[in-house]
Every structure is written in structure tokens, then in C-alpha cells.
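Student: Generate coordinates for the sequence data below:
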Amino acid sequence: MKKFDLEKQFEFYLEKVNLKKENMSEIQLQETKRAFYAGIAQMWRMFVEIADMKEENCDAIFNDIDDQLAIFWCDETIKYGFP
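Tutor: The predicted structure is shown next:
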């Protein structure tokens, strides 16, 4: 059994961006899933790099990442009206 199910996270992502599998073409679903998993893979690589840093630097890095994500989603919500 998977300890952390990435497929469930993909389902949550689709919900967050208001996409329904049944309304997507096969190609759109495939490319959306590829983009999601590529993002997860890049984030994983970032975590591996961060794990090698001093603990006091990690807090600042995580706060910076959190801020950037909040700004991105805020902007997207304003531009496109995502829920």
C-alpha cells in the first residue's frame, strides 16, 4: 500500500483547478497529468536539496516557497475565477 498516494493528490489538484475528467479530452487529461507529475518531481528534487541545508535556512526557504505559492494562486483566482 502506498504511504502517500500521488494519484489522490492529482484528483485533489483537478478539483482545485475545477477540472473534471469526464469533461476533458484524453490528450488534455494526459498532458495535465504529465504536468502535475513533473511539478511533483521537481518539488521532490527541491526537497532533497533543502534537506542538505542547515535547519535555520530551511525555515526561510519554506516560508519563501509558501509565499510564492500563495501569490500565484491569489493571482490565478483573480484572473480566472478558480474556486
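
Student: would you list every one of the helices in this protein?
Tutor: 6-16, 26-51, 55-80 (DSSP state H).

Student: From the contact counts, what lies against the shortest one?
Tutor: The elements that helix 6-16 packs onto, with contact taken as 3 or more Cβ pairs under 8 Å, 6 or more residues apart in numbering; DSSP states H and E, are helix 26-51. Yep, even glycine has a C-beta here, placed from its N, CA and C like the rest.

Student: Same list (the helices of the chain) but as TSV, adding mean neighbour count and mean pLDDT.
Tutor: Output for the helices of the chain, formatted as TSV (neighbours: other Cβ atoms under 10 Å; pLDDT from 0 to 100):
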stretch	mean neighbour count	mean pLDDT
helix 6-16	13	94
helix 26-51	12	94
helix 55-80	10	86
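
Student: what residues are up against residue 23?
Tutor: For residue 23, no contacting residues are found, by Cβ atoms under 8 Å, 6 or more residues apart in numbering.
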